[in-house]
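In: Have a look at this prediction, sequence included:
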Amino acid sequence: MPDAAIEFRAVSFARPGGAAVLDRFDLRVPPGEVLALVGRSGAGKTTLLKLVNRLLLPDAGAVLVEGRDTRDWAPIRLRRRVGYVLQEVGLFPHMTVEDNIGVVPRLEGWPRDRVAARVGELLDLIGLEPREFAARWPDELSGGQRQRVGVARALAVDPPVLLMDEPFGALDPLTRAELHAEFRRIQDRLRKTVIIVTHDMGEAFALGDRLGVLDEGKLAACDRPSAIVRSMHPAVRRLLDAVTRLP
Amino acid sequence: MMPLLSFWLSHRAELVTLFAQHVLLVALSTLVAAAVGVPFGIFAARRPRFGAPVVAIANIVQTVPSLAMFGFLLPVPLIGGVGARAAGFVLILYGLLPIIRMTIAGLNGIDPAIREAGVAMGMTPRELLWQVELPLALPSIVAGIRVAAVVGVGTATIAAAIGAGGLGEYIYRGLSMVDTTVILAGAIPAAILALVVDGALWWTERHLSARKTRRSRRATTASAAAAIALVAAVLVGSGVVTARAKGAIVVGSKNFTEQVILGELLAQTIERDTGLAVERRLNLGGTLICDRALAAGDIDVYVEYTGTALTAIFHQPISTNANTVYATVRELYARGGRTVLPALGYDNTFAILVRGSDARALGLKTIDDAARQAPRWRAGFGYEFLERPDGYPGLAKAYGLQFRAPPSVMDLTLSYRALAGGQVDLIAGDATAGLIKGLDLFRLDDNRHYFPPYDAAPVARAATLLRYPQVRAALERLGGRISAGDMQAMNDAADARHEDVTQIVRQFLRARLR
């Protein structure tokens, strides 16, 4: 079945220290799907994302993006087709909001006015008034605004694939709920192939078309949210219990 | 304050030249140090295994005192020797460490998440460096350049010791004349220059690190451009100045009053008798610096003393016959392509000096008399005298001298003041020093004839004399024309009455050597 946007085929990966992170790991993400991957801290979620945009290469097996092995992609080419929203946002502190969002278009050699038009479009999309926010510096933004800019930056050249590493982790619950809604609204328009990793089962339910549960280097479960709720896998139950057991 | 102002006013052309030389030296060497140090720092930050030993070496270089560094480089071809080129090289060496270190610190201080964001967005290593790493490390790099420039302003004053010019020339001249006004005439502008450089670069650094609107960043760029234009203007200007000062014949001298006067005397004689342009590189430090500069062709002629040449340069045993010494030295110099011209006519032997009051109270006449007092005395000697084979070690043996404590090392010209002020009780000065009379010092008789003769004679490069026979003729006419009394009077005029050396020499030549 060649129509998966992202596919892991029996991927094994160990950290340089020796501990195995992924062990003959299989995963298929069809185009336009949001896959939310949940796992405890240290379960290898970030590693998994880095294998997609070739920040890391698998020890065994293969990762395919748009049907092509990441080993065969030119790394720069691949990374510019894969938007990446980082855990700590990673906005460049020496660039304004507009320059941050325009980084990849400028790397791609877009003319100046096209970059400016695209930045305006994206600011509208993420709900930040361009005239007010374009010239701001990252440290003049709230945490939620910074996250939005991080998303806009990842979307700048309209990449078919988006990777998001704990994108809303550091936000207060209200802002997080707001951004979840925002994300669904944007995704309904853009239909990207998205992998979101998070340690928060609630977030995974809010965002994912499908949920994957990562446990000891393997996919313990991967299904629609309604099916996951009924799963009896112990690792899945543990994560579910953490969400539902309210005081 | 008034004497200082009038000194600056009467020397304003020279002050401008020296100031321009100073700025030129510091600006050029800092630019080169930055051009080398920043790429080096980038490389070292990426390869710590290579970077760590490099920084360690740079650290060691930094601990070498700058004067010693100038000394080390004297015999090195191309980069060594005397003059602005060698000084620039030393300044570059000293500038490299802070620049390399601050470049590394700036790059290592970048949040790894930000670097990772750049890589994940598909930046090539080069794009990452230029668009992310360098802009973020820039304030730190500028801070390193600032340290290098400010240290450079200070080190450049010491560079005057090897004839690089700059404001240090007034400092050395002032030290050798024991004239605070002249020292301050160089030290104050140097200090102001250091403060201005520090302030300007601090301002740049702050503006680069502060978050700011695009407009003010543009303003920073504009002022940086203006500053560069200003430096460029000074460079061109001083280039013109130095080009004009560059002469066919280069006259050198050591760094004490009598030598500066003799250097000026040779220079004026050559200018007057031959019409050739003369470049003065006076105040060049000690005997060995002058000798190496002559051997390397950095200077064409300077005045040496026969006994000094015999012992300190050629390491021959001491002889007390003036004619034998002159003939031996002339022969030895000739082997190295250098020509000793006729002696000027006086013997500047070492004079063992005590206070006039002590001599009268204790009835001291000879060094033997003093040797009996020595166990209760302290002595102070110039560095050269302590080290030379014809200096203190031999003297102590010849007279059985034993002081209360080992002799202290001090600047030769300062030692006269130290003796008069009672900090020491016995010094070794020059027989022709003007200060002997001025400070009421008493010269003890060398009753055991320990010191060899020190007849002053110009030593020149044979090649220069072949090319300009008129220079040889001019210098030969000076033979036997300066008595010990003449020399002492000129030294006295410079040291005690603070007259201008150029004027002293002009008057002497007009009166005695028409």
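Out: That came in fine, so what should we check first?
In: what about the residue nearest the centre of chain A, is that helix, strand or coil?
Out: Centroid check for chain A by Cα atoms, centre = their mean gives A:Met164 as the closest residue, at 1.7 Å. Following DSSP: H, G, I helix; E, B strand; the rest coil, A:Met164 is assigned to strand.
In: contacting residues around it?
Out: Contact analysis of A:Met164 by Cβ atoms under 8 Å, 6 or more residues apart in numbering or on different chains lists A:Tyr84, A:Val85, A:Val151, A:Ala154, A:Val194, A:Ile195, A:Ile196, A:Val197. C-beta coordinates here come from the backbone N, C-alpha and C atoms, glycine included.
In: next one: B:Asp291
Out: Counted by Cβ under 8 Å, 6+ apart, B:Asp291 has contacts B:Glu304, B:Ile313.
In: Okay, and it sits in which element?
Out: helix B:287-296 (DSSP states H and E).
In: Any buried residues in that helix, and which?
Out: B:Thr287, B:Ile289, B:Cys290, B:Asp291, B:Arg292, B:Ala293, B:Leu294, B:Ala295, B:Ala296 (16 or more other Cβ atoms under 10 Å in any protein chain shown).
In: who in chain A is up against chain B?
Out: A:53, A:55, A:75-80, A:84, A:86-94, A:96, A:103-104, A:107, A:135, A:137, A:139-140, A:153 (Cβ under 8 Å from any Cβ of the partner chain).
In: Which residues are in contact with the residue nearest to B:Ala34 when sequence neighbours are not counted?
Out: Nearest in space to B:Ala34, with sequence neighbours left out and distances taken as Cβ to Cβ, 6 or more residues apart in numbering or on different chains, is B:Ile145 at 5.2 Å. Counting by Cβ under 8 Å, 6+ apart, B:Ile145 makes contact with B:Thr30, B:Ala33, B:Ala34, B:Pro98, B:Ile99, B:Met102, B:Leu201.
In: mind listing which of the contacts of A:Met164 are in strands?
Out: Residues of the contacts of A:Met164 located in strands (DSSP state E): A:Tyr84, A:Val85, A:Val194, A:Ile195, A:Ile196, A:Val197.
In: Give me the distance between the closest residue to the fifth one other than its chain neighbours and A:Pro111.
Out: The reference is to A:Ile196. Closest residue in space to A:Ile196, ignoring its immediate chain neighbours: A:Met164 at 4.4 Å, by Cβ to Cβ, 6+ apart. Between A:Met164 and A:Pro111 the computed distance is 29 Å (Cβ to Cβ, to the nearest Å).
In: Show me where chain A has its helices.
Out: Assigned by DSSP state H, chain A shows helices spanning A:45-52, A:75-81, A:97-101, A:103-107, A:112-125, A:130-133, A:143-154, A:173-190, A:201-207, A:225-230, A:234-244.
In: contact partners of the second one?
Out: Helix A:75-81 is contacted from outside by A:53-54, A:65-66, A:70, A:104, A:107-108, A:157, A:159-161, B:119-124, using Cβ under 8 Å, 6+ apart.
In: swap the cut-off to 10 Å and go again
Out: Residues from elsewhere that reach helix A:75-81 (Cβ atoms under 10 Å, 6 or more residues apart in numbering or on different chains): A:52-55, A:57, A:65-66, A:68, A:70, A:72-74, A:104-105, A:107-108, A:156-161, B:119-125, B:127.
In: Can you go through those and name the buried ones?
Out: Here, 16+ other Cβ under 10 Å leaves A:52-55, A:65-66, A:70, A:73, A:104-105, A:107, A:156-157, A:159-161, B:119-123, B:127 buried among these.
In: Could you list the contact residues of chain B toward chain A?
Out: B:110-125, B:127, B:131-132, B:134-136, B:138-139, B:208-209, B:211-214, B:217 (Cβ under 10 Å from any Cβ of the partner chain).
In: what residue ranges in chain B score low on pLDDT?
Out: Chain B contains residues with pLDDT under 70 at B:1, B:74-75, B:77-82, B:176-178, B:209-247, B:514.
In: ugh, typo on my part, it should be chain A
Out: The model of chain A has pLDDT under 70 over residues A:1-2, A:88-89, A:243-247.
In: what about 50?
Out: A:1 (pLDDT under 50).
In: Out of the ones in strands among the contacts of A:Met164, which comes closest to B:Gly166?
Out: A:Tyr84 (54.8 Å; Cβ to Cβ).
In: Quickly note the distance from the closest one to B:Ala120.
Out: From A:Tyr84 to B:Ala120 the distance is 4 Å (Cβ to Cβ).
In: Give me the common contacts of the two.
Out: A:Leu49, A:Lys50, A:Asn53, A:Leu55, A:Gly90, A:Ala154, A:Leu163, A:Asp165.
In: Among those residues, name the buried ones.
Out: The buried subset of these - by 16+ other Cβ under 10 Å - is A:Leu49, A:Lys50, A:Asn53, A:Leu55, A:Gly90, A:Ala154, A:Leu163, A:Asp165.
In: of the residues you listed, closest to B:Leu9?
Out: The closest of those, once distances to B:Leu9 are taken by Cβ to Cβ, is A:Gly90, at 61.3 Å.
In: Identify the residues contacting the closest residue to that closest one other than its chain neighbours.
Out: In this structure, A:Gly90 finds its nearest non-sequential neighbour in B:Ala117, 3.1 Å apart by Cβ to Cβ, 6+ apart. Taking Cβ under 10 Å, 6+ apart, we find B:Ala117 in contact with A:84-86, A:88-92, A:100, A:103, A:150, A:153-154, B:111, B:123, B:128, B:132.
In: re earlier: closest to B:Val197 out of the buried ones among the shared contacts of A:Tyr84 and B:Ala120?
Out: A:Gly90 (36.8 Å).
In: Can you check the distance spanned by stretch A:211-220, start to finish?
Out: From its first residue to its last, stretch A:211-220 covers 11 Å (Cα to Cα, to the nearest Å).
In: tell me which residues in that stretch are buried?
Out: Buried, per 16+ other Cβ under 10 Å, within stretch A:211-220: A:Leu211, A:Gly212, A:Val213, A:Leu214, A:Asp215, A:Gly217, A:Leu219, A:Ala220.
In: Can you dump the C-alpha atoms of stretch A:112-120 in CSV for me?
Out: Extracted in CSV, the C-alpha atoms of stretch A:112-120 (Å, rounded to 0.1, in the frame of the first residue of the first chain):
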residue,chain,number,x,y,z
ARG,A,112,10.5,39.6,-0.7
ASP,A,113,6.9,40.6,-1.4
ARG,A,114,5.8,37.0,-1.7
VAL,A,115,7.3,36.2,1.7
ALA,A,116,5.5,39.3,3.2
ALA,A,117,2.2,38.3,1.7
ARG,A,118,2.6,34.7,3.0
VAL,A,119,3.5,35.9,6.5
GLY,A,120,0.3,38.1,6.5
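In: and it, which residues are buried?
Out: A:Val115, A:Ala116, A:Arg118, A:Val119.
In: Using a markdown table, lay out these together with distance to B:Ala489.
Out: Listed next are the buried residues of stretch A:112-120 as a markdown table, based on distance: Cβ to Cβ, whole Å:
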| residue | distance to B:Ala489 |
| --- | --- |
| A:Val115 | 81 |
| A:Ala116 | 82 |
| A:Arg118 | 86 |
| A:Val119 | 83 |
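In: mind listing what's buried in the one helix or strand B:Val55 maps to?
Out: Element membership for B:Val55 (DSSP H and E) is helix B:48-63. Across helix B:48-63, burial judged by 16+ other Cβ under 10 Å covers B:Gly51, B:Val54, B:Val55, B:Ala58, B:Gln62.
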